[in-house]
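Chemist: can't give you the sequence, but here's the structure:
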Ligand SMILES: Cc1ncc(COP(=O)(O)O)c(C=O)c1O
């Protein structure tokens, strides 16, 4: 039950055992077309969705390399480890990150970000981590921020690596120029590829301002995509897995998938509150895909997670950076079923009990079951 990588369904996993084929041949063209058709539907975009053979960080790097040159500014709301990392990643590429900070567990207001845009009209873009996986915070005003970016003529980039497929993100409607998704999270595919939705505006910009990167040049991915190919050798087994996962998602419907994540998240939060635990994040920013909960005083992080694993075969994670030892986090990503939520809720209650914290697990179970009625 990690916030990525997540368990992969058997049919997705088994599709990786297909032969390694010519990536310039017709079989690959069929595979890439299928990936592209499902992706556009799931991203809700008329733009292109390119698939990079890299983890999510490569996807984020691609946005930086294509949109920024050394010395260029970008506005970055920072409210967790991953948004802090994105700002540092921009600086490593010799860009200037204008950080708009908020304490972990909350998020900067749209007004604060807009005033940074007003003071830095030369910034090239707003780079938002839509779901910062470290505190478990989802930026709920992402749509409004798209309007701010448009108003100031900036590109709008969303690192949606950990949340894409698990919460709403209609790319075109929210005026996003780049949306980055990770394979190993809500798309229930093995790690190793990043899907990147790119607007036509970005591709035009890149053609006129070629990036200082060969591997991540968006224009070359879009040109190859026109013939259903990738410019460089793709990670074929993961492309097979991705095709299977995306076709499952598009058959089920992205809106349905999002609603399943939302229902299961509400069951977790309600159950933990019934146990007397406190979610780490302010209510309006709580993530549907990473459930983060404060430890009650006296409960040791390592002992708790070891009880979860040894006694209940359930692997969850702790906090990191400034949240180390203070919270535990459960991934609610990908396969969303009652048969996964309920044992996890029970394991949390029983493991806390093993460590001497008395949680009302019976009450938590009955509340969670009630909330899960909306799941098929
Ligand atoms: C929000 C966010 N951004 C970036 C990353 C880095 O992704 P990867 O480890 O796939 O490179 C992660 C990984 O968990 C993430 O959650």
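Modeler: The structure has been received and is ready for your questions. Keep in mind that what you see is a predicted model, and the values were worked out from it rather than measured. Residues are numbered from 1 along each chain as shown.

Chemist: which ones are touching whatever residue of the stretch 251-376 of the chain ends up closest to the ligand?
Modeler: Here the residue of the stretch 251-376 of the chain nearest the ligand is residue 290; by C-beta to the nearest ligand atom that distance is 8.2 Å. For the C-beta atoms, the positions are set from N, CA and C on the backbone; glycine is no exception. Neighbouring residues of residue 290 by C-beta atoms under 8 Å, 6 or more residues apart in numbering: 3, 131, 133, 136, 162, 329, 330, 331, 332, 333.

Chemist: from those residues, which are also near the ligand?
Modeler: Among the contacts of residue 290, the ones lying near the ligand by C-beta under 6 Å from any ligand atom are 133, 162.

Chemist: now, the most widely separated pair of the contacts of residue 290?
Modeler: For the contacts of residue 290, the maximum inter-member distance is 14.2 Å, found between 131 and 330 (C-beta to C-beta).

Chemist: Tell me which of the two has more neighbours.
Modeler: residue 131 (31 against 27; other C-beta atoms under 10 Å).

Chemist: ok, that one - contacts?
Modeler: Contacts of residue 131 (C-beta under 8 Å, 6+ apart): 137, 138, 139, 160, 162, 163, 167, 287, 289, 290.

Chemist: how far away is the residue nearest to it when sequence neighbours are not counted from residue 37?
Modeler: Distance criterion C-beta to C-beta, 6 or more residues apart in numbering; nearest residue to residue 131, sequence neighbours excluded, is residue 163 at 3.5 Å. The spacing between residue 163 and residue 37, counted by C-beta to C-beta, to the nearest Å, is 22 Å.

Chemist: just residue 55 next, same as before
Modeler: 24 Å.

Chemist: quick one: which of those two has more around it?
Modeler: residue 55 (17 against 14).

Chemist: can you pull the pLDDT of the more buried one?
Modeler: pLDDT, residue 55: 98.

Chemist: The residue of the stretch 151-300 of the chain found nearest the ligand: neighbouring residues, count only.
Modeler: Nearest to the ligand in the stretch 151-300 of the chain, going by C-beta to the nearest ligand atom, is residue 162, at a distance of 3.6 Å. Residue 162 has 30 neighbours, counted by other C-beta under 10 Å.

Chemist: go on, the one 10 residues further on?
Modeler: The local packing of residue 172 (other C-beta under 10 Å) involves 15 other residues.

Chemist: Look up the closest residue to it, ignoring the ones flanking it.
Modeler: Spatially, and ignoring its direct neighbours in sequence, residue 172 is nearest to residue 45 (5.1 Å; C-beta to C-beta, 6+ apart).

Chemist: related to what we said a few turns ago, need the contact list for the residue nearest to residue 131.
Modeler: 130, 131, 138, 169, 185, 186, 287, 288, 289.

Chemist: What's the per-residue pLDDT of the first one here?
Modeler: Looking back up the chat, that one is residue 130. Confidence score, pLDDT, at residue 130: 99.

Chemist: Would you check that my belief about it contacting residue 141 is correct?
Modeler: No. At 10.5 Å, residue 130 does not count as touching residue 141 under the criterion of C-beta atoms under 8 Å.

Chemist: Just the element for residue 330, please.
Modeler: strand 327-331 (DSSP states H and E).

Chemist: try residue 118
Modeler: Judged by DSSP H and E, residue 118 forms part of helix 110-119.

Chemist: buried sites along that helix?
Modeler: 110, 113, 114, 116, 117 (16 or more other C-beta atoms under 10 Å).

Chemist: Reformat those residues as JSON lines; add pLDDT.
Modeler: Formatted as JSON lines, these follow (pLDDT from 0 to 100):
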{"residue": "110", "pLDDT": "98"}
{"residue": "113", "pLDDT": "98"}
{"residue": "114", "pLDDT": "98"}
{"residue": "116", "pLDDT": "98"}
{"residue": "117", "pLDDT": "98"}
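
Chemist: Show the residue spans covered by the helices in the stretch 201-350 of the chain.
Modeler: Per DSSP state H, counting those that start in this stretch, the stretch 201-350 of the chain carries helices over the ranges 218-225, 236-252, 254-274, 301-312, 338-354.

Chemist: which stretch among those helices comes nearest residue 8?
Modeler: With C-beta to C-beta as the yardstick, what comes closest out of these is helix 236-252 (7.1 Å).

Chemist: isn't residue 181 right next to residue 166, touching?
Modeler: No. Taking contacts as C-beta under 8 Å, residue 181 lies outside contact range of residue 166: 10.1 Å.

Chemist: what residues are up against the one residue in the chain that gets nearest to the ligand?
Modeler: Nearest residue of the chain to the ligand, counting by C-beta to the nearest ligand atom: residue 56, 2.9 Å away. Going by C-beta under 8 Å, 6+ apart, residue 56 touches 159, 161, 162, 180, 181, 182, 194.

Chemist: The fourth one falls within a helix, correct?
Modeler: It stands for residue 180. No. Read with DSSP: H, G, I helix; E, B strand; the rest coil, residue 180 is strand and lies in no helix.

Chemist: Mind pulling up the pLDDT for it?
Modeler: 99.

Chemist: Check the second one too.
Modeler: The pLDDT attached to residue 161 in the predicted structure is 98.

Chemist: thinking it is in contact with residue 183, fair?
Modeler: No. Checked against C-beta under 8 Å, the pair residue 161 and residue 183 is beyond contact range at 9.5 Å.

Chemist: what touches both of these two?
Modeler: With C-beta under 8 Å, 6+ apart as the test, residue 161 and residue 183 both reach residue 194.

Chemist: Specify which residue of these two has the higher count of neighbours.
Modeler: Neighbour comparison, residue 161 and residue 183: the larger count goes to residue 183, with 31 against 27 (by other C-beta under 10 Å).
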